[in-house]
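*Asks:* Show me the folded form of this:
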Amino acid sequence: MRGWTRFLLAFFCLVAWGVPSEATPPFKADQYKDVELKVLRMQPEKFKNKKICYESRFKKVMTTFPTYAERNGFKAGKYYWFVIAPLDLPVVARKTDEMNALAVALESGASVKVYGKIRKFKLEPKAAMLPHYYLELIHLEVLSEPEKKNSGLDTGRPPRRPLPPRRKR
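*Replies:* Predicted structure coming up:
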C-alpha cells in the first residue's frame, strides 16, 4: 500500500507543476547590447559575462580546436568553432540540431549578426598573443548572402596578352 501512495503522490505533483519540457525558450534580441567591433577587440574584458551582439563577416566553421581551447574543455564532439571577424575573439557554440543545420548552410563571406556572452577561458593560454576571452554563441542571424564573384570573363579590363611562344634550344 505504501508504494501506491508514493506513486500517486508523485503523479499528482507532476500533474500540478507540469512536466519539464525540452523546448527552448524563444530568442529575445532586445536583451542584447549592440557593441562596436573596435571596442570589442580592444576591451573584451569590459563585456565579460554580458549579453552582446555585433555584425560581422562569417569565414568558416571548424570542428578541431587549438590546444589551449581543448584544455579548457572544448571538445570537437560537443562544440563548433565559428571563425567570424574579429579573429582574435573565438566564437564557440554547442552542437545542437539548430547549429548543425546552420553550420552546413552558412557560406564563407556571408554577413551575420552574432548574439552571445563573452566568457573568459578557465586556463590561460601559454602564449600571450592568444585570446583570453571567447564568445559563447547563443544565436546567429544571417543578414546577407556572400557576393558572387565573376568568373573573370567580364571584369571590365582588357584581356591579357598571350605569352610569346617558347624558343627551342
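
*Asks:* correct me, but Ala69 touches Trp81?
*Replies:* Yes: the criterion here is Cβ atoms under 8 Å, and Ala69 meets it with Trp81 at 7.4 Å. For every residue, glycine as well, the C-beta is placed using N, CA and C.

*Asks:* Name the residues contacting each of those two.
*Replies:* Both Ala69 and Trp81 are in contact with 90, 92, where contact means Cβ atoms under 8 Å, 6 or more residues apart in numbering.

*Asks:* Which residue ranges of the protein form helices?
*Replies:* Ranges of helices in the chain, per DSSP state H, are 2-17, 37-42, 67-71, 97-105.

*Asks:* Worst mean pLDDT among the ones you listed?
*Replies:* Sorting the helices of the chain by mean pLDDT places helix 2-17 lowest, at a mean of 60.

*Asks:* Count the residues that sit near Tyr134.
*Replies:* Tyr134 has 21 neighbouring residues, counting by other Cβ atoms under 10 Å.

*Asks:* In contact with it, which residues?
*Replies:* Shown in contact with Tyr134 (Cβ under 8 Å, 6+ apart): 69, 89-92, 118-119, 121.

*Asks:* mind putting those in a markdown table, distance to Phe58 and neighbour count included?
*Replies:* Listed next are the contacts of Tyr134 as a markdown table, based on distance: Cβ to Cβ, whole Å; neighbours: other Cβ atoms under 10 Å:
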| residue | distance to Phe58 | neighbour count |
| --- | --- | --- |
| Ala69 | 19 | 21 |
| Leu89 | 14 | 20 |
| Pro90 | 14 | 22 |
| Val91 | 9 | 23 |
| Val92 | 14 | 18 |
| Ile118 | 19 | 20 |
| Arg119 | 20 | 15 |
| Phe121 | 22 | 18 |
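
*Asks:* and those residues, which two are the farthest apart?
*Replies:* The distance between the two most remote of those (Cβ to Cβ) is 15.3 Å, for Ala69 and Ile118.
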